[in-house]
Each structure stands twice: as C-alpha cells, then as structure tokens.
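Chemist: starting from these lines, generate the structure:
(chains A and B)
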Amino acid sequence: MDDHVEMGAESARPDEGRRGFLVKVSAACAGVSAVLVGFPVVRSFVSPSLPQPRADGWVKVADDIALLDVGVPVRVNFVQELQDAWVESRSLNGVWLYTEDGDKFKAYNGHCTHLGCSYVYDKDLKHFFCPCHRGQFDVKTGEVLAGPPPRPLDELQVEIRDSAVFVNYRDYRLGVSDKIEA
Amino acid sequence: MNRLSKWLDERIDLVGIRRTLLDRRMPRDLTWWHTLGSATLAVFLVQAATGTILAMYYAPSPDHAYDSIRYLEHSVASGALLRGIHHWGASAMVILVVAHAIRVFSMGAYKYPRELNWLLGVALLGIVLGFGFTGYLLPWDQKAYWATQVGTNIAGTTPVVGAVIVKLLRGGAQLGVATLTRFYALHVLLLPALLAGIALLHLTLVVRNGIAPRTGVLELNAPARTDSPEYHRYYAESYAASKKAGVRFWPDIVVLDAVIATSLVLLLFLVGHFVGAGLELPADPSDSSYVPRPEWYFLPFFQLLKLVPGSMESVAAVGVPGVLVLVLLLLPFFDRRSARAFNRRPVARISLFGLLGGIVLLLGASIREPKPTAIAPEVGRVLNSPERAGRALFERQQCGGCHIVAGKGGADRKGDAKDSPELTEVGLRHSAAYIHSFIEDPSRFHTGSKMPAFGPPVLSHQEIEELSRYLSSLRGKNWQTAKEEFVDTFPEPRKPKEKP
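Modeler: So this is what the prediction gives:
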C-alpha cells in the first residue's frame, strides 16, 4: 500500500512550514464556523435562562373600595392570564386584601409561604390560618405567629386607581426564608 | 505520543485511523470544484445543529405550530437568526447537492469504479429534496399550507395509485393535523437517519475508492470501454500514478474544504441575520384567493406543469421526474465509455446543458410572473378571522348565485333574481350594521324584495354578523382611494303585533 505516506519519514521535510500554515488555516476556519453556528444554537438553547422582560403583573382585584369591609380581611379572586411559551392560558388566582381605614390597603399573595396551600381567615383566632400544617399569620403585618412557615406572608404592591383596587401579582419561591421571585 | 493517545491507540488503532483517513494520498491537481461534497456535509451539520434547537421550540399541531414559530422569532434569544440559518441552509443544501452532482457528472466521476457511490448520491439528492418538501410545511403559514396542498395534489395525479399516495402523504384525505405530524416525523426522525446513514456509506466509499481525479488523468491511451479487464488495469495504474504525484488529504485538501465550508457558514449567518426566514399569515384553508407557490427549487417543476395541457398533466407531473430519476440511476450502467473529459462527451454535454437551460428558463419564467399576494382581490387587504368566516358562509349559502362580486358569480340571475345588486363595492355604500339588519329580513327594507330572509333559524346572529363583516370589507377595485359614503336608511321599527 503506497497510498499512505510512511509515518516518521515526515519530519524534517522542506514543506514543514507550509504544512503548519495549512493546519493553522484549517483550525481557524473550524473555529470561525463553530462560533458562527454555535452562537445562535447555544444562545437560543439557553434562552430560557436569560433574563426575560417580566410581564406586567398588575391586575384589578376589586371594582370599588367602598364595597370592601374594614378591619376584616377579604379574599378576592381574579383571572390571571398566563403565557406558557406560545400557549396562552388563564387560571384563577387569589389575594387577601386588608384595610383598617378603607383608605390604605394591604395585599397578600394567597399562598402560604410554607408549601403553597391556600390559607383562610380564622374568625375566632382573628388570624390567617393555613389548614395544611397549621401555620398562622398576623392579619395586619403578615408575620408568622405559629407553625412551620419560614417567612411572613408575601406582601404585594397595591394601587388605588379611580377607587378600584389593583394589585401587582407576583409569586415567590416557597419554603425558603427569603422572599425571592419564583 | 502522549499517554492518552497511546491508551486510545492500543484500543482503537488511532494510528491506523489516521493513516486511512488523514494521511491518504489524493490524486494530483484537485480543483476547488472538488470541495462541493464536503461543503454539502458542512451545511448538513449546520442544519442538524440548528434543527435540533428549532425542534425544542416547535409544536407539530395546527393549533400551535404557527404560534410556536412566532414565539421562536420574537421571544427566543437568537431565535430568528437560528431559523433564518436553517431556512437558507435548506436552499444551500439543494444548491450544493445539485452542484456536486453536476461536478461529478461533468467530470465523468460516476464511471468505474464509482458507480455505486453515484447511486448513493442520487438517493442523497432525493432525501435533500424530501427534507425541503417536509420542512416547508412546518411553519403552518399560508405559503406552507398552500404549497403542500399543491405538492400533494401533484403526487395525486399519478395514474392508478394517485389517490392512495395522496392519503399516505397527508395521513388522511385532507391536509391537516395528521399531515403536519407526519411531515414532522419524516423531517426530524426518518430523513435525518437516512441521510446520516447513506452519507456515511457515501463517504466510506470515497475513502475506499479515493476521490475521482480531475479530467485528463484517466484519458491518455485509455481503453475505450470501462467494463474491460484492460481498463481496470489501466485505471489502477493511472490512478496510483496520479496519487503518487498528489498531496495528502490532511491538511492540503482539508484546508480547501475548510475555507469553502467556512465561507458558506458565514454567508448563511449573514443571510439568516439580515434576510431571515419570513413568516406569512397563519394557514387559512378557507382562503380561495391565495395563489400557492412552492419553494424556489421546486418552481421550475411547478412552472412546467403550467405549460402542459390539462390532459397531459399527470404525464408531466409524474413522468418527467420519474424519467429523470431513472436516467440518473441507470447512467453509470449504460454509459460505459471511458471518456471522462466533458468536451469528449457530446451527448452528456447536450443533455446537461439542455436540462440546466430548461430549468433556468422555467425558473426565470416563474420568477417573472407577478408575485402572488395573500390579499383577496375584491377587498384589497388581508381578511381577519370573522371576515374569513363570512366569506366561507357567502360560499356555503351560495350568495354568489345571484350576487356578483368582483366579476364572479351571478349564474342564477334570472327570473325573480335578475335585479340582484352587485356587491363588489357594497362596503362603500353600507355599514356592517345595516347589512346585518338587511340580511336578517330584506323585505323590511324593500317591500317585495325577492331575497329570502336569512335571520334565525336560517343563520344565527353570529353568522349574519360574520357575513356582514365580510361584505362590508368589499370596497371594489379602487379600495385604496375609495371613500365610504353610507346610504343606510333603516326602516321604521315594526309595530308590535296586536294580539287577536
């Protein structure tokens, strides 16, 4: 088989410099191609982990502040529009609204910070009470009064616009002591 | 040799692989044309890489396909670029495969001992076209839908088995859900596996037989025919001599391949970025005004079908590609003359130039034709979904039997219906609200109107509304400049019926 050049007899050839140059050019081409194709391929693959523009979370939860009880928290439900990649869906979600004076409002995410159960207002205790693991929260501040929850209830931004109540709805990571957006 | 390569060498014979693949001698004086095969391989790798990510952002269902593509274009980082590269990569694949075939044909490289590799190459050409055809449908926009509609109908003109072929292609009688999943499965599972497998065989044979030398090397004093033992001996000697004078594959030849492949990748990147893949409106099966056009590499064939009379259509649609494939498959077996130089093969020259000339003429003719748009001629703009539903109702209720729209319809304008007004510009004269009330009960507007009342239960209010929206979109030929001048005169409210 004289098809193949004998190994070992290669070195010390006069064209060693040319050969080295061709190897370098080939390697450079391979590198450039890899970057050109790799850039969109890798970037679109990791796209979900890149910072995304957050959808506006403001939702109207009550039409008229005058109709809301004072001193007693009320749970208000609203339909949340969800964008799951290219599929739009709606889901029912809820927040707790509380006001002492009918003027300043507090809003809490409707999920217990422990494991995400929906908590209720216990009229006898006058606390929020989570039936799953008996967590209790203060109505005025959201502080944990009893049970396993690792942090206070997640307070949400509230705005009154033309006597309607708007809440900037957000979900936070559950079961951890820091309030981190999910 | 370091420890790792020594370890590998003991197990997989690294030195042997290197000698067989990289250090092999190539025939002398290879041309740039010899890089077309490796360039095709390079673009295929680009398609595989980009396609894998595209599949992650794609839902093969008519409900979501279009939305998923739009999501990719607008919400995925570099998504539009990714799709642009894949889109233009498909065109590049077709061009390169065909150019490669022309190179092999014109240099007589399909002759002894490479007949088998020519056959594999023909199969690869078919697979690449199959990729183009199946991939084209996936965005599920107007272009995709209608081109596939026509493409599958062409296959349906095959005598005897046409009806079965259409159902097999579409996964049912109609183009729809099952067609999309079918094309998707072919595009991402079957065709890639076939292409990878056959390309591997193709490359193995290239290494086994060596690349065909440039013409002239195997010409001098060659026996006349390739199927004689003398020729085989002559071939072995001449090819070996050419190799002896040639360079090694690595890096002397690889560098040419690398430069060409990288230039192509750069070109795809730029075109993908600056031109992109484009996305038309979502597929609308009810749109009878859309003029389908296939992807450009199917255009010559598409144009050919326009030229033949209807009775000959199935002959042209199935016969022309059938004969072409047959000729390609048989070529290395009936052409056994040893002449390889293009200028010594007059028949080959005439055939190639004839075929290419025909293709270019047909392509030119179809490009010169006015570019079809997705705009209904009678409206001047794209219809929205209630309007489209209204147009479908217009057809279903056979409104066109009495009413003329843009020169169409009016077949039943006789007797009572002879005075049915033309509706081409009805949107300029009447508001949708007026049209709605009118359709419900025309006799309220014109006593003695011959038009039947279409109010419930004939049509629901929603249907009448859709119909009215469609009609009010009709603004005639001068839709761009025409101004609405409503002459809506509603009749007096009907008096409540007195109970007897």
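Chemist: tell me how far the one helix or strand residue B:243 maps to is from the chain's mean position?
Modeler: Using DSSP states H and E, residue B:243 sits within helix B:229-244. A distance of 43 Å separates the centroid of the chain from that of helix B:229-244, by CA atoms, centre = their mean, to the nearest Å.
Chemist: got the buried residues for stretch A:31-47?
Modeler: A:32-33, A:36-37, A:40-41, A:43-45, A:47 (16 or more other CB atoms under 10 Å in any protein chain shown). In short, each C-beta sits where N, CA and C put it, glycine included.
Chemist: ok, residues contacting the very next helix or strand once past the helix holding residue B:243?
Modeler: Downstream of helix B:229-244, the next assigned helix or strand under DSSP H and E is helix B:254-274. Here helix B:254-274 makes contact (CB atoms under 8 Å, 6 or more residues apart in numbering or on different chains) with A:22-23, A:25-26, A:29-30, A:32-33, A:36-37, A:40, B:30, B:32, B:34-35, B:38-39, B:42-43, B:46, B:81-89, B:92, B:96.
Chemist: adding distance to residue B:118, write the buried residues of stretch A:31-47 out as JSON lines.
Modeler: Listed next are the buried residues of stretch A:31-47 as JSON lines, based on distance: CB to CB, whole Å:
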{"residue": "A:32", "distance to residue B:118": "33"}
{"residue": "A:33", "distance to residue B:118": "29"}
{"residue": "A:36", "distance to residue B:118": "32"}
{"residue": "A:37", "distance to residue B:118": "30"}
{"residue": "A:40", "distance to residue B:118": "35"}
{"residue": "A:41", "distance to residue B:118": "33"}
{"residue": "A:43", "distance to residue B:118": "40"}
{"residue": "A:44", "distance to residue B:118": "38"}
{"residue": "A:45", "distance to residue B:118": "38"}
{"residue": "A:47", "distance to residue B:118": "43"}
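Chemist: which of those sit farthest apart?
Modeler: The largest separation in the buried residues of stretch A:31-47, counting by CB to CB, is between A:32 and A:47 at 23.2 Å.
Chemist: quick check on the contacts of helix B:254-274: which are buried?
Modeler: A:22, A:25-26, A:29, A:32-33, A:36-37, A:40, B:30, B:34-35, B:38-39, B:42-43, B:46, B:81-89, B:92, B:96.
Chemist: for chain A, what's the longest strand?
Modeler: In chain A, taking DSSP state E as the definition, the longest strand is strand A:87-99.
Chemist: circling back to that earlier point, ok, residues contacting the helix holding residue B:243?
Modeler: By CB under 8 Å, 6+ apart, helix B:229-244 touches A:2-3, B:25-28, B:112-113, B:210, B:213, B:217-218, B:220-223, B:225-226, B:338.
Chemist: swap in stretch B:358-369?
Modeler: If you take CB under 8 Å, 6+ apart as the criterion, stretch B:358-369 is touched by B:293, B:296, B:299-304.
Chemist: for it, buried residues please.
Modeler: B:359, B:362-363, B:366.
Chemist: got it, and stretch A:157-166?
Modeler: A:158, A:165-166.
Chemist: what does stretch B:274-289 give?
Modeler: Quick answer for stretch B:274-289 (16+ other CB under 10 Å): B:276-277, B:279-280, B:282-285, B:287, B:289.
Chemist: for stretch A:95-103, what does the pLDDT average out to?
Modeler: The average of the pLDDT scores along stretch A:95-103 is 89.
Chemist: mind checking which of the contacts of helix B:254-274 are in helices?
Modeler: Per DSSP state H, helices hold the following members of the contacts of helix B:254-274: A:22-23, A:25-26, A:29-30, A:32-33, A:36-37, A:40, B:38-39, B:42-43, B:46, B:81-89, B:92, B:96.
Chemist: now do the strands in chain A.
Modeler: A:58-62, A:74-84, A:87-99, A:105-109, A:120-122, A:127-130, A:135-137, A:144-146, A:155-161, A:164-168.
Chemist: partner strands of the fifth one, with direction?
Modeler: What it means is strand A:120-122. Applying DSSP bridges to the sheet, strand A:120-122 is found paired with strand A:127-130 (antiparallel).
Chemist: with the fourth one instead?
Modeler: Here strand A:105-109 is paired, per DSSP bridges, with strand A:87-99 (antiparallel), strand A:155-161 (antiparallel).
Chemist: the inter-axis angle of it versus strand A:164-168?
Modeler: Angle, strand A:105-109 to strand A:164-168, by axes from the mean of the first three to the mean of the last three CA atoms, to 10 degrees: 40 degrees.
Chemist: which of the buried residues of stretch B:358-369 sits closest to chain A?
Modeler: Lowest distance from chain A to the buried residues of stretch B:358-369 (CB to the nearest CB) belongs to residue B:363, with 29.2 Å.
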